[in-house]
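Asker: One predicted model, sequence on top.
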Amino acid sequence: MHLAEAAVSLELETPEMTLNIGPQHPSTHGVLRLKARIDGERIVDVQPVIGYMHRGYEKLAEVRTYPQIIALLNRIDWVSGYANEIPFVVAAERLMEIEPPPRAQYIRLILTEMARIGSHFLFMASYPLELGAASPFFFAFRERERVLDLIESVTGGRFHPNFNRIGGIKPVAGAGATQKKVVQDLPKGFYAETREAMAKVLAVCDELYDLIVGNEILFGRTKGIGVMSAELAAAYGVSGPNLRASGPEFDLRRTEDYLPYDDFDFWVPTGEAGDCYDRYIMRLHEIRVSAKLILEAIDGIPEGPIIAKVPKVIKLPKGEIYMRAENPKGEMGYYLVSEGGTGPYRFKVRTASFSNISVLPELLEGVLVPDLIAIFGSFDFVLGDVDR
Amino acid sequence: MSFGLELVIKLVVVFAIVPATALVVGYAELKLSAHMQSRVGPYYAGGRWGWAQLIADGLKFLQKEDIIPNNADRPVFSLAPVLVMISTVAVFLIIPFGSSAYAIGADLGLGIFYALAICSVGTLGVLMAGWSSGNKYSLIGALRAGGQLIAYELPMVLAVVGVVIQAGTMSMQGIVEAQIVQGWPFAFTQFVGFFLFLLAALAEMNRTPFDMPIAESELVTGYLTEYSGFRFLFFFLAEYAGIFAYSAIAATLFLGGWGFWGVTTPVAGPFIVVAKTLALSFLVIWLRWTFPRFREDQLQAIAWKWLVPLALANIAVTAVFKVVF
């Protein structure tokens, strides 16, 4: 071959093409569109296009009364609906200077941790599926159903419990206004069922751990992939397990006093590398921590009323408050501005997933298409939480 | 028997056997996945053993709308599933189901060579399907399948070379007889080859952990994305018939085919072959529901850095043993 020709073949040009991953794609967990320019299998750059799920919750909240808003909040991150209610009711209580009774706080804590287990199990189920392993999906989903059954037995709802009230938890049994005197507490047999379910949750965690650790293919697909440094995470406001996988021990359950977490001594797992594997294993540890928290909480649950004395028509005094909580997916906060009426003047929602996926374009540059799925799957976002 | 009559009988047998094997392996996949994952349908559909699940799935495919995308290359698009099917059917020609001459379509002198060659035609069908769909996911899937074919055809052929050296023939019947004369199947002496052949076969069948051409979580089932209804069913049947075909070749080459210690009745031949084949098919299905998927570059690295050198070493060692003993 002539030398000039060799040079031409060395500089063989491969055309770039645009690959639209989503909005309808099995791995985008809803309607997210990633506009990826790819060269063969290599990603040149990625542009996330969001907004397909935008439902205008902030605006909707501003034309409703405070008790009505709770029903909206469940739908923001529907995977852990219960946990979304907590920061809002706590914010309203702070402004009104009401302290919910301890029993209500404990029940809130138990259900929040159950929501966390449910949310993390969804991740434990879907992430291996994104890597091509179908069976862990069913193991994790079976346990998730068990936990949702428990939430349902208390609240009456699986996804959208709408169970919190400003000042405590839902006081009236589900049968309607005629039974106003009937105070609904935890259902019969709840403690025994919870103990049984948590034992099974811990057992299935061990099972999943055995499935994962020692599997060379899963190591090869996740170790050292999508490494996010703690600085990068902080710069984009990444929170929750995704942040902790990169090292910082940042957990609002420890720092914010919104539920009686101080009564418990619990472990906050952190990772080292900040890669997909750490983000995955982090959530497995968190399920265990939550299960143990629930078991401790039902042992030490105080007796007493479940709702404080609140006026019939709830009006918040003038003022503003930002209340944040450690939701399963990270920091979720509500900024509430009250002008003294029955509804908020301004309502701003800060969701975890929105910040968590903002960092994606930084991590996805130059990786391969299968890694792209592995990386954005490991961030465990819900599109309702991104778009609101 | 006249030539025409024999031809008709053989055609009928082939077109009965191939779908039958596909149904058996497909049903096995449903049942095994159901047992591993507590799926409901394959347990209860139809009342007992979930016997109706496969029929329900088949009917579901038949009632789907037959869609060809506007941008598709129509003739290539419709020819692709047929080509994949034909390549699978053609493999059955040289699988010996017994000692008699009627138990094999044709005992070619170059039997195993023919099998390896005709198996690759299926990948041509996959490439055609991906290219003609007019869909980027399909295109990537097809090119991955092409890359996989190039990477894994080599270790597969090299794995078979060890068997050919040891048997001294490329005829399928000859290889089975060599194992019967030897007294134990080649899996004992050619264990490296057996391992390599199974791995490479998994890759050529596009089965997990080598199912990147399909990869529903990243490529939305890759080259199959645009196929629906009956055409999809064709791919589906070809996949399961392909599992049976590859398993049968492996059973013939490495597990002694229709031979079994102490069994001399020719009637037992087909049953022995089918039992060994189904055992290997079970392995293929088991792997699928256990492992995650490799990445394409990891797959290539495994093929070129590990399997090919291993296969070459295996040939050298086999040749040395052949000369010495």
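Answerer: Arrived safely, thanks for sending. In this text the structure is predicted, and so the values were computed from the model without any measurement. Residues are numbered from 1 along each chain as shown, chains lettered A, B, ... in the order given.
Asker: does the lengthiest helix in chain B come close to chain A?
Answerer: Looking across chain B with DSSP state H, the single longest helix is helix B:3-37. Yes. Using Cβ under 8 Å from any Cβ of the partner chain, helix B:3-37 reaches chain A at B:Ser33, B:Met36, B:Gln37. Every C-beta, even on glycine, is put in place using the N, C-alpha and C of the backbone.
Asker: Can you get me a residue count around the residue lying closest to A:Gly247 once chain neighbours are set aside?
Answerer: Nearest in space to A:Gly247, with sequence neighbours left out and distances taken as Cβ to Cβ, 6 or more residues apart in numbering or on different chains, is A:Ala230 at 4.7 Å. Residues contacting A:Ala230 under the criterion other Cβ atoms under 10 Å in any protein chain shown number 16.
Asker: A:Ala230 touches A:Ala245, doesn't it?
Answerer: No. The criterion here is Cβ atoms under 8 Å, and A:Ala230 misses it with A:Ala245 at 9.7 Å.
Asker: what is in contact with these two at once?
Answerer: Overlap of the contact sets of A:Ala230 and A:Ala245 (by Cβ atoms under 8 Å, 6 or more residues apart in numbering or on different chains) consists of A:Gly274.
Asker: Show me which residues of chain B sit near chain A.
Answerer: Contacts of chain B with chain A, taken as Cβ under 8 Å from any Cβ, map to B:33, B:36-39, B:136-137, B:140, B:208-209, B:211-212, B:215-220, B:288-298.
Asker: Among those, name the buried ones.
Answerer: Applying a neighbour-count criterion of 16 or more other Cβ atoms under 10 Å in any protein chain shown, the buried members of the residues of chain B next to chain A are B:33, B:36-37, B:39, B:136-137, B:140, B:208-209, B:211-212, B:215-220, B:288-296, B:298.
Asker: Give me the subset of these that lies in helices.
Answerer: The helices, defined by DSSP H, take in B:33, B:36-37, B:136-137, B:140, B:216-219, B:288, B:296, B:298 from these.
Asker: tell me the pLDDT at B:Ala279?
Answerer: pLDDT for B:Ala279: 91.
Asker: do the same with B:Phe197
Answerer: 90.
Asker: ditto for A:Val8
Answerer: 50.
Asker: what do you get for A:Asn164?
Answerer: Model confidence at A:Asn164 (pLDDT) stands at 86.
Asker: same deal with B:Val25?
Answerer: As predicted, B:Val25 sits at a pLDDT of 87.
Asker: what do you get for B:Phe188?
Answerer: Looking at B:Phe188, its pLDDT reads 82.
Asker: what's the farthest-apart pair in the ones in helices among the buried ones among the residues of chain B next to chain A?
Answerer: B:Met36 and B:Lys136 (33.2 Å; Cβ to Cβ).
Asker: which stretches of the stretch 151-300 of chain A form helices?
Answerer: Along the stretch 151-300 of chain A, the segments classed as helices by DSSP state H, counting those that start in this stretch run A:190-212, A:216-222, A:230-236, A:241-244, A:252-255, A:276-299.
Asker: Tell me which other helices or strands the fifth one touches.
Answerer: Going back to what we said before, that points to helix A:252-255. If you count contacts as 3 or more Cβ pairs under 8 Å, 6 or more residues apart in numbering or on different chains; DSSP states H and E, helix A:252-255 packs onto strand A:319-327.
Asker: at 10 Å what do you get?
Answerer: helix A:102-130, strand A:319-327, strand A:330-338 (3 or more Cβ pairs under 10 Å, 6 or more residues apart in numbering or on different chains; DSSP states H and E).
Asker: most centrally placed residue in chain A?
Answerer: The residue lying closest to the centre of chain A (Cα atoms, centre = their mean) is A:Lys329, at 2.9 Å.
Asker: How about the contacts made by that one?
Answerer: Each residue near A:Lys329 by Cβ atoms under 10 Å, 6 or more residues apart in numbering or on different chains is listed here: A:77, A:79-80, A:83, A:116, A:119-120, A:123, A:239-242, A:351-356, A:379-382, A:385.
Asker: picking up where we left off before, after the longest helix of chain B, which helix or strand is next?
Answerer: Using DSSP states H and E, the helix or strand that follows helix B:3-37 towards the C-terminus is helix B:41-44.
Asker: And the contacts of that next one?
Answerer: B:27, B:29-35, B:49-54, B:56-57.
Asker: Near the nearest residue to A:Pro87 once chain neighbours are set aside, how many other residues are there?
Answerer: Residue nearest to A:Pro87 in three dimensions, not counting chain neighbours: A:Ala325, with 4.1 Å by Cβ to Cβ, 6+ apart. Look at A:Ala325: counted by other Cβ under 10 Å, it has 23 neighbours.
Asker: quick one, what contacts A:Ala325?
Answerer: Going by Cβ under 10 Å, 6+ apart, A:Ala325 touches A:83-88, A:90-91, A:112, A:252-253, A:256, A:258-259, A:331-334, A:352.
Asker: Just the buried ones among the residues you listed, please.
Answerer: So, by 16+ other Cβ under 10 Å, the buried ones in those are A:83-88, A:90-91, A:112, A:252-253, A:256, A:258-259, A:331-334, A:352.
Asker: and the residue of chain B nearest chain A?
Answerer: Nearest to chain A, among the residues of chain B, is B:Arg293, at 2.7 Å (Cβ to the nearest Cβ).
Asker: That residue and B:Arg144 touch, don't they?
Answerer: No. Using Cβ atoms under 10 Å, B:Arg293 is not in contact with B:Arg144; the gap is 11.2 Å.
Asker: Identify the contacts common to those two.
Answerer: Jointly contacting B:Arg293 and B:Arg144 under the rule Cβ under 10 Å, 6+ apart are A:Pro370, B:Phe210, B:Asp211, B:Met212, B:Ile214, B:Ala215, B:Leu299.
Asker: And those residues, which is closest to B:Ala16?
Answerer: Closest approach between those and B:Ala16, by Cβ to Cβ: B:Ile214, at 28.1 Å.
Asker: any idea of the pLDDT on the closest one?
Answerer: On the pLDDT scale, B:Ile214 is placed at 81.
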